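In: Here's a sequence, model it:
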Amino acid sequence: MKAKSIKGKSTEEIKQALQESQADGFSPTLALLFLSVVQDRNAICRMLDESGIAVFGVTTNGEFIDEQTGKGSVVLLLLDISREYFKLYYEHFPPGRYRETSGAIAKKAKEDFEEVAFLLAISNPASDGEQVLYGIQEVAGEAVTAFGAGAGDDYAFTKTFVFTNGWESEHGMLVLAIDESKVQVKGIATCGWKAVGTEKTVTRSVGNHVITIDDEPALDITTKFGGLENITPDNKDAWIEVAANFPLQLQREKGDPVMRPGLVVDWSDRSFFCSGTVPQGSKVRFSVPPDWDVMNKVVESVQKLKEEQMPEADAVVVFSCAGRILCLGPLMPEEIAGINKVWNMPMAGMFSNAELGRATGGNLEMHNLTTCCIALKEIK
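Out: Below you'll find the predicted structure:
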């Protein structure tokens, strides 16, 4: 399988880049398309459709094919994979029926491919990515390979989209099912954040709503740990800073901890809502602001994936949390460059609202402040 990655800042630039990519006879059948909501996704999708290219499309909070990150732009990972080796599925989410919807898609995919891996994307910031993963796992088994992302909209957190040839949804899911007997798919979800201090207990929570930790209001214990002041309803930017730099790490009996930053504050009782479920009684630790070591640990984890599971790759896909670029700032291009050098093959990626996948030694989870790296290799 041959792959090429291209980028541009307009439909015309993408059209030109696509033509240049095909000048040597390269004939892609599939495009992983990551773009800003300000771009004309319908025009780009039509252009690809006219070229006979199937589209796995997601709106983003930023895009990249190398260490140079973009915003308001378009990137594509083009693959000349056999059409018999993949299939796209998509559905709008009926109210609250995330698990049932993903389970129905997984059932169709299992009927088409005995061995199947999933790349998926979900739209709407309120969509429950964990339930989506559980629905896939119930059908395809606990060991299923599944990685994906929550679509973005340049940090507006209002309207996000997943789309393919002739279809789009601002509250739905798009799935790329890949025949694992023909194409090897390996990935990892890794964050690199350092946990500090002693374990603390979530003494009261409902779903993703964390009310008290060690019997203190969740907001109070967080700001006390960080030595922070002026965290008030009028200072919204300050809370974003807290969420990005002092997130909770949910401890797991199996596998690595999972990041659970507080994203929305309920000022009436000084509680907050996290990106995913935080069960009452669970153990958490706080994380310290990121530094070079965070970036290095992510690159080391990807290198370990190569050494232990995927010595060679034809193409690489990266879903990185939008919060990472807020936290890492100028370090972010270094992290992306480090990942790119592991296989040194065509790569495309996006900054997402959430990351879906399996942490090292763990279960399928919805993550935040995390990087999902997925490598593809045709089996010959």
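In: so where's the longest strand in the chain?
Out: The residue-count maximum for a strand in the chain (DSSP state E) belongs to strand 195-206.
In: what comes up buried for that one?
Out: Of the residues in strand 195-206, 200, 202, 204-205 count as buried by neighbour count, 16 or more other C-beta atoms under 10 Å. All C-beta atoms are positioned from the backbone trio N, CA, C, and that covers glycine.
In: Just give the closest residue to residue 215, not the sequence neighbours.
Out: Distance criterion C-beta to C-beta, 6 or more residues apart in numbering; nearest residue to residue 215, sequence neighbours excluded, is residue 203 at 5.0 Å.
In: pLDDT value on residue 189, please?
Out: You'll see residue 189 listed with a pLDDT of 89.
In: likewise residue 239?
Out: Residue 239 is given a pLDDT of 68.
In: repeat for residue 264
Out: In this model, residue 264 carries a pLDDT of 76.
In: Please name every helix or strand in contact with whichever strand or helix holds it.
Out: In this structure, residue 264 sits in strand 262-266 according to DSSP states H and E. Counting contacts by 3 or more C-beta pairs under 8 Å, 6 or more residues apart in numbering; DSSP states H and E, strand 262-266 packs against helix 218-226, helix 236-245, strand 271-274.
In: What residues of stretch 300-317 count as buried?
Out: 301-302, 305-306, 310, 313-317.
In: Might you quantify the distance of that stretch from its chain's geometric centre?
Out: Computed by C-alpha atoms, centre = their mean, to the nearest Å, the separation of stretch 300-317 from the middle of its chain amounts to 17 Å.
In: ditto for stretch 117-134
Out: 10 Å.
In: distance between the ends of that stretch?
Out: Start and end residues of stretch 117-134 are separated by 15 Å (C-alpha to C-alpha, to the nearest Å).
In: Run through the helices of the stretch 51-200 of the chain in chain order.
Out: Ranges of helices in the stretch 51-200 of the chain, per DSSP state H, counting those that start in this stretch, are 98-112, 129-140.
In: Pull the residues that contact the first one.
Out: With C-beta atoms under 8 Å, 6 or more residues apart in numbering as the test, helix 98-112 has contacts from 87, 89, 91, 93-94, 116, 118, 120, 127-129, 131-136, 138-140, 173, 175, 177.
In: The same query, at a cut-off of 6 Å, please.
Out: 87, 89, 91, 93, 116, 128, 131-132, 134-136, 138-140, 175, 177 (C-beta atoms under 6 Å, 6 or more residues apart in numbering).
In: avg pLDDT for stretch 193-213?
Out: On average, stretch 193-213 scores 90.
In: Determine how far that stretch lies from the middle of the whole chain.
Out: Chain-centre distance of stretch 193-213: 23 Å, with C-alpha atoms, centre = their mean.
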